[in-house]
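> Give me a 3D structure for the following:
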Amino acid sequence: MAQKNFLKVDKTMLVLVVLLAVFGLAVLLSTSEYNGRVRFGDSAYYFKKQLFATALGMGVMYAVTVMDYHFFLKLAPAAYLLSMLLSTAVLLFGQEINGSKRWLNLGPLSFQPSEFAKVAVILFLAWQIERTKERTDGFWFMCRTMLTLLPIVGLVGSNNLSTAIIILGIGVILIFVSNPKYMQFIGLGGAGVSFIAVFLAAESYRLERLAIWRNPEKYEKGFQTIQGLYAIGSGGIFGRGLGSSLQKLGFVPEAQNDMIFSIICEELGLTGAAVLILIFGLLLWRLGVIAMHARDLAGALICGGIMGHLAIQVILNIAVVTNTIPNTGITLPFISYGGTSVVFLLGEMGLALNVSRTRKLC
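Now for the predicted structure:
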């Protein structure tokens, strides 16, 4: 029965997800080789850990796909409460890495609760909007829905502003999907900008990032941005070749993490970067198609939330790497190193594939 359910999924989306996962592993092996050898004496150290997480994520994706997504909707309120508890635990007991306290240690493994929070918010908002008995085109509906997000946004945003912005973006997108009136979003957008401005002013290091963004040459912390831009520029049209990057040899700090797109540009050139962006674009297109053909509102909202999450994170990461916006410390989905991220991303893809197998045929 489970195998029959899996065979009904959107094959195009499944191929795109697998393609991204394989591409990410190949690029990560190349990008992390130097850091792995220098730090751990094993050039494949990061690759092995990511391969394990990807295999685990594929298993999660399969399990989520063959189940009824309405089962996960029933768990949405509990998942949302759990995400707040875990985010609180990070503030109290979290492990600090590179100046950021975003991880919880679970024995030999580390877990990033903010990745779980994104999935929990998507499911919770889908559950909340579907269950509302009132009209969804009123300003009060918008305010009430956003107010339910403020606790998790505040908890996550206290040490991870980029994820807080993503969660807010998911909320705005799902309200937009369920609300046929556009003018009200002007007020919501103004409130969102004000909220972000308060968060920026609350910590001095965030204001410092704005200054570094404007003049990276004047600050020591602008080194990463400058070296990333060097990597992008030196790649040309077709790149130096996979594995031939010079900037990954300690010039771009933590190249396997947030700045991996710059190494892709250096090794594969503009062509490789364009192909990767095209694959992301095709995946977003399939998510949009599945959302439009979903059998019920809940399915459409789940796919809409996943599409919004993926689009916001890809755009923010590429914008940071190209210095279009200030550095926010955000990863590139499926590509950057991060076990928690890839497991939950593949879990989200499983939810979308789940919706696709019950979609209305046109």
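
> Spatially central, which residue of this protein would that be?
Central residue of the chain (Cα atoms, centre = their mean): residue 313, 4.6 Å from the mean position.

> Per-residue pLDDT of it, please?
At residue 313, the pLDDT value in this model is 94.

> that's a strand at it, yeah?
No: counting by DSSP: H, G, I helix; E, B strand; the rest coil, residue 313 falls outside a strand, being helix.

> which residues does it contact?
166, 330-333 (Cβ atoms under 8 Å, 6 or more residues apart in numbering). (Each C-beta comes from the backbone N, C-alpha and C, glycine too.)

> Closest to residue 60 out of the residues you listed?
Distance to residue 60, by Cβ to Cβ, is smallest for residue 333 among those, at 15.3 Å.

> List the contacts of that closest one.
20, 280, 310, 313-314, 317, 341, 345.

> Can you pick out the most distant pair from these?
280 and 341 (15.1 Å).

> For residue 31, give its distance to residue 233.
Taking Cβ to Cβ, to the nearest Å as the measure, residue 31 falls 17 Å from residue 233.

> make that residue 357, sorry
Computed with Cβ to Cβ, the distance linking residue 357 and residue 233 is 45 Å.

> Looking at the two now, which is surrounded by more residues?
Under the criterion of other Cβ atoms under 10 Å, the comparison of residue 357 against residue 233 puts residue 357 first, with 17 against 11.

> Find the residue closest to the more buried one in space, skipping its chain neighbours.
residue 8 (3.8 Å; Cβ to Cβ, 6 or more residues apart in numbering).

> a strand runs through residue 104, doesn't it?
Yes: assessed by three-state DSSP, residue 104 belongs to a strand.

> From residue 252, how far out is the nearest residue to it once chain neighbours are set aside?
In space, and not counting its chain neighbours, residue 104 is closest to residue 111: 4.9 Å by Cβ to Cβ, 6+ apart. Distance, residue 111 to residue 252, using Cβ to Cβ: 26 Å.

> Those two: which is more packed in?
residue 252 (29 against 18).

> Quick one: classify that one as helix, strand or coil.
Residue 252 ends up coil, using three-state DSSP.

> What score does it have for pLDDT?
With respect to pLDDT, residue 252 has a value of 86.

> Residue 16 is in contact with residue 282, correct?
Yes: if you go by Cβ atoms under 8 Å, residue 282 and residue 16 touch, sitting 5.6 Å apart.
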